[in-house]
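Q: Let me see the structure of the following:
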Amino acid sequence: MIFKELCIIANALDEAGLYRLATRVDSLLKEAINYETELAGTRGGRTLRSIRGMLYEHGVPKEELDQRSERIANGLYDTLARIVKDMPDDMRGPVLVWARRAILADTQFLLSLESGGDSVIEKRLASNLTKYVNLRNYMSGDAADLLKIPDFENLVKAISDAVAAKLQRGFTGAETRQRASVGSRVVAENDQWIVYSPENEDASKKLGRGTRWCTSVDSVTCQYDDYVIQGPLYIIISKQNPNEKYQFHIETGSLRDSENRTPNPKRLIGRGLEFIYDIPELKGKLKPVGDTDADPRGVSDFMGNTGTVDKHGELHSYNDKPSLVLVSGEQHFHNHGDLYKKVYVDGLTELFRNGERYAAISAAGDRTEYVGNKISAVIDSSGKRLDYRDGVPWSGSTTDFTGATIIYEDGRVVKRIGTDGKTYLYENGNLVGVK
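A: Numbers count the residues shown, from 1 in each chain. A predicted model of the protein is given here:
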């Protein structure tokens, strides 16, 4: 009974344009119902009306609104079900409400739900919500209530702050006093080098300024949290040349220079770095640097990485194996120290060039191409290509949920070829003929 009344109130507030009050009612919904009931509600009511309005604004003919809205609502249902599936019982409701709101605000992703969705965006959303849930005991202020976090950018910030709080709780009083003004802990130093451990994402970006590290990039793709959830990052900076920097991570065995390459460990010998072996928290965790017994050409660094050094002085692994495997099972591959591929547990593969993702290939063989963070084209496994402009379908063809072929020109549907063989013609979003 409470659920029905709250839904009526929320619908009325939405229709009146009182969105902030509607959001408050959403927070009451999470206390009044279980997530299964609310999940079922994503197929109709207020959510379905929002989808219809979005489609209408994108020029979808009125006669197609109902059918296409239902397909997108079904896709939304499936997406939310996957996101909340492994959440703790007490967090499924809040996660569902927040994820639904975030997806409805993302027109690009919402449109993709009609043809299976964008697994890259879904994975990023699910991953960050899982991080939030795992770190919720370290959240403070408004961030302690997921439904008070307004958008994805603020969710990422809340996670970063929580990771910093988690790390700081483990520091002694002396260590806390050693924190640098940039928000990092000074682990140790001598007259040549200083070793930091960044406490939060902002500190990682500041210390990594001028590098090509994935833990220091100034965007939502920053992977600082993926590392420090497993263990602290360490950054070594030369006092003589502050641009000479190295970053290492014990738990993943990663060691990178400022160009994000695996350095020749022999270049580090005899330069005053030996003092890191005596740092209390690193004792017993670092390996000897030098030649390997396995290969006369081979060398090993203090993280235990072994390989051969090429003519440019760069260390290369013996095999095409992932250079980093995250707890989630995600695998990263590097070539000459540069990230060029990520492989996820569901078979999705992302391709990178100069540190930026330019393509994603699903397990089914569908390829999505990107320029910056926006989709530029989608090529399905049958070879149909749909080009995008500003993240919106623009020209080309694709297959929708029913198996029909949809043809776009200048951002509008001009033709729809159904599975029954009929061709529907459109002008300015209106049906003008059937062949």
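Q: Which residue lies nearest the spatial centre of the protein?
A: R124 (3.3 Å; CA atoms, centre = their mean).
Q: Which helix or strand contains that residue?
A: Using DSSP states H and E, R124 maps to helix 119-134.
Q: Hmm, T349 and F333 touching each other?
A: No. Counting by CB atoms under 8 Å, T349 is not a contact partner of F333; they are 9.7 Å apart. Where C-beta positions appear, they are placed from N, C-alpha and C, glycine not excepted.
Q: Pull up the overlap in contacts between these two.
A: 341-343 (CB atoms under 8 Å, 6 or more residues apart in numbering).
Q: Tell me what angle the lengthiest helix in the chain forms with helix 119-134.
A: The single longest helix within the chain, with elements called by DSSP state H, is helix 62-84. Helix 62-84 and helix 119-134 are oriented at 40 degrees to each other (axes from the mean of the first three to the mean of the last three CA atoms, to 10 degrees).
Q: and the longest strand for this protein?
A: Ranked by residue count, the top strand of the chain under DSSP state E comes out as strand 392-399.
Q: which is the next helix or strand following that one?
A: Moving toward the C-terminus from strand 392-399, the next helix or strand (DSSP H and E) is strand 405-409.
Q: Just checking, which helix or strand succeeds that following strand along the chain?
A: Beyond strand 405-409 in the direction of the C-terminus, DSSP H and E gives the next helix or strand as strand 412-417.
Q: Quick one: list the elements packing against that following strand.
A: The elements that strand 412-417 packs onto, with contact taken as 3 or more CB pairs under 8 Å, 6 or more residues apart in numbering; DSSP states H and E, are strand 405-409, strand 423-427.
Q: Partner strands of the last one, with direction?
A: By that I understand strand 423-427. strand 412-417 (antiparallel), strand 430-434 (antiparallel) (DSSP bridges).
Q: returning to that earlier point: by neighbour count, which bits of the helix holding R124 are buried? Give me those.
A: Residues of helix 119-134 classed as buried by neighbour count (16 or more other CB atoms under 10 Å): 119-123, 125-133.
Q: what does stretch 244-259 give?
A: Neighbour-count burial for stretch 244-259 [16+ other CB under 10 Å]: 245-250, 252, 254-258.
Q: got a list of contacts for stretch 272-279?
A: Outside of stretch 272-279, the residues that reach it under the criterion CB under 8 Å, 6+ apart are 187-188, 190-193, 195, 236, 282-283, 286, 302.
Q: can you list the residues you listed in CSV and add neighbour count?
A: As requested, the contacts of stretch 272-279 are exported to CSV (neighbours: other CB atoms under 10 Å):
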residue, neighbour count
V187, 20
A188, 18
N190, 13
D191, 9
Q192, 12
W193, 19
V195, 22
I236, 21
L282, 17
K283, 10
L286, 16
F302, 21
